[in-house]
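Enquirer: attaching a predicted model along with its sequence, questions to come.
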Number of protein chains: 2
Amino acid sequence: MLGRLNHVAIAVPDLAVAIANYRDNLGASVSAPQKEPEHGVTVAFVELANTKIEFLEPLGDESPIAAFMERNPQGGIHHICYEVDDIFAARDHLKAQGARVLGSGEPKIGAHGKPVLFLHPKDFLGTLVELEQA
Amino acid sequence: MLGRLNHVAIAVPDLAVAIANYRDNLGASVSAPQKEPEHGVTVAFVELANTKIEFLEPLGDESPIAAFMERNPQGGIHHICYEVDDIFAARDHLKAQGARVLGSGEPKIGAHGKPVLFLHPKDFLGTLVELEQA
């Protein structure tokens, strides 16, 4: 059921600094910042040949990445996102296996306009895993 | 200069548990474990459609991931690896930009038999970055 690696998300304290870092040091192509107030982040994407890196900067007072930034003030990898063909089938299979789906367990519309779920890091090798409908 | 995302490396305390986790919960295809005594790790690869996830389990008394496992006993994302066309040109450019290349600054042969360099996490948004000759 595991499809493509959709993205790796890196939470950063300052998006402009992060964009300049990847552009100037690594010669990367990075998109313009885009505010996502309903998700509490401003995002920018590093476009790679086979996948992308998603920079996340906290936005607003209730950003879901605020606690992560407090623990990792200079930034760090926040989650990895895999595509799945059928997010409801994936959810049901994971629950049957005893894996914890975060929140209500119902897919929500993510930052890319597609249904997503987040899985508990303690059930997945200490990494926060996002599943996105392909 | 930044090419494909070659892999995302997840350090794990128990490779057999990690392989079963991804195979049974996520329906992933995972390679058989392979000991790399010269690199102090046992590795296994999750084969995705566009890239791979590299599981790393400490091997031997001087594993380079031992300190990371002490800080992250349940595992966690250890590094991300980007491909570059010319690792010497990349190294020289990074040094000129003031970014720190770990170790001697000379590329070493990595776990995949290709020259690699590691870059200081403090210079790259809190993430350990590996560059691999494409």
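Expert: Yep, it's here. Small disclaimer: the values here were computed from a predicted structure and weren't measured.
Enquirer: buried set for the lengthiest helix in chain A?
Expert: Determined from DSSP state H, the single longest helix within chain A is helix A:87-96. Of the residues in helix A:87-96, A:87, A:90-91, A:93-94 count as buried by neighbour count, 16 or more other C-beta atoms under 10 Å in any protein chain shown. The C-beta positions use only the backbone N, C-alpha and C, and glycine is treated the same way.
Enquirer: what's the closest of these to chain B?
Expert: Closest approach between the buried residues of helix A:87-96 and chain B, by C-beta to the nearest C-beta: A:Leu94, at 6.0 Å.
Enquirer: could you name the helices and strands sitting against the helix or strand of chain A with the lowest mean pLDDT?
Expert: When the helices and strands of chain A are compared on mean pLDDT, DSSP states H and E, strand A:108-109 comes out lowest with a mean of 92. Counting contacts by 3 or more C-beta pairs under 8 Å, 6 or more residues apart in numbering or on different chains; DSSP states H and E, strand A:108-109 packs against strand A:115-119.
Enquirer: after the strand it packs on, which helix or strand is next?
Expert: strand A:129-133 (DSSP states H and E).
Enquirer: how far is that following strand from where the chain is centred?
Expert: Chain-centre distance of strand A:129-133: 9 Å, with C-alpha atoms, centre = their mean, to the nearest Å.
Enquirer: who touches that strand?
Expert: Here strand A:129-133 makes contact (C-beta atoms under 8 Å, 6 or more residues apart in numbering or on different chains) with A:6, A:9, A:79-84, A:86-87, A:90-91, A:107, A:110, A:112, A:114-119, A:121.
Enquirer: with just CA atoms, put that strand into CSV.
Expert: Output in CSV follows, covering the C-alpha atoms of strand A:129-133 (Å, rounded to 0.1, in the frame of the first residue of the first chain):
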residue,chain,number,x,y,z
VAL,A,129,4.3,9.8,9.5
GLU,A,130,1.8,11.6,7.3
LEU,A,131,-0.2,9.6,4.8
GLU,A,132,-1.7,11.4,1.9
GLN,A,133,-4.2,10.2,-0.6
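Enquirer: in ChimeraX, select just the buried ones from the contacts of strand A:129-133.
Expert: Filtering those down to the buried ones (16+ other C-beta under 10 Å) takes a single ChimeraX command:
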select /A:6,9,79,80,81,82,83,84,87,90,91,107,110,115,116,117,118,119,121
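Enquirer: tell me the phi and psi of A:His39?
Expert: Per-residue torsions, A:His39: phi -110, psi 0 (degrees, to the nearest 10).
Enquirer: surely A:Ile19 meets A:Leu26?
Expert: No: with contacts counted by C-beta atoms under 8 Å, A:Ile19 stays clear of A:Leu26, the gap being 11.1 Å.
Enquirer: quick one, strands of chain A?
Expert: A:2-11, A:29-30, A:34-36, A:41-47, A:52-58, A:76-84, A:108-109, A:115-119, A:129-133 (DSSP state E).
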